[in-house]
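>>> Below is the sequence, then the predicted model.
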Amino acid sequence: MDDWLYRVDLSIILAVSVGMFLAVIEIGFRLGRRSQSMDEHSRSQIAAVQGAILGMLALLLGFTFAMSMSRFETRKQLVLEEANAIGTTFLRTQMLPEPQRQEISDLLRRYV
């Protein structure tokens, strides 16, 4: 029941999304034309709400970028640690006797 969205074709999702965006743009355009006949008090209230919404959007974008940067840095650090661990393991396999050394070295090369 929860996975119905995964079964829908991507082109249908795109078409519905574009249609919804166009409808919202048209509604905003018509409301904007109607609001041209508003008094100054109503316009100042709309400007205040618009400023608050844009401020919230900026805050949301800031938090999103901060979270993604921390995840990127964490992932970069984990990749670096894994590369160092593989390199250390390869160097330590060189101290093993010959049949095991070659087998483990081949396994590490295939892994990498």
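Now that the structure is in, tell me what you want to look at.

>>> which regions of this structure sit below the pLDDT cut-off?
1-2 (pLDDT under 70).

>>> In what element of secondary structure is the residue nearest the centre of it found?
What sits nearest the mean C-alpha location of the chain, by Cα atoms, centre = their mean, is residue 68, with 7.0 Å. Counting by DSSP states H and E, the element that carries residue 68 is helix 40-93.

>>> So which elements touch that helix?
Secondary-structure packing of helix 40-93 (3 or more Cβ pairs under 8 Å, 6 or more residues apart in numbering; DSSP states H and E): helix 98-111. The C-beta positions use only the backbone N, C-alpha and C, and glycine is treated the same way.

>>> Flag every buried residue along the helix it packs on.
residue 104 (16 or more other Cβ atoms under 10 Å).

>>> Let me see the contact set for the residue nearest to the centre of the chain.
Residue 68 sits next to no residue when contact means Cβ atoms under 8 Å, 6 or more residues apart in numbering.

>>> And for residue 93, the neighbour number?
Residue 93: 17 surrounding residues under other Cβ atoms under 10 Å.

>>> Check the gap between the residue nearest to the centre of the chain and residue 100 for me.
44 Å (Cβ to Cβ, to the nearest Å).

>>> go on, residue 14?
Residue 14 sits 55 Å away from residue 100, going by Cβ to Cβ.

>>> again, but for residue 45
78 Å.

>>> cool, and residue 36?
Residue 36 sits 83 Å away from residue 100 when distances are taken as Cβ to Cβ.

>>> Also residue 34?
81 Å.

>>> again, but for residue 46
Applying Cβ to Cβ to residue 46 and residue 100 gives a distance of 76 Å.

>>> cool, and residue 70?
Taking Cβ to Cβ, one finds residue 70 at 41 Å from residue 100.

>>> repeat for residue 3
In terms of Cβ to Cβ, residue 3 sits 48 Å off from residue 100.

>>> Surely residue 90 and residue 106 touch.
No - the pair residue 90 / residue 106 is not scored as a contact, 11.0 Å apart, by Cβ atoms under 8 Å.
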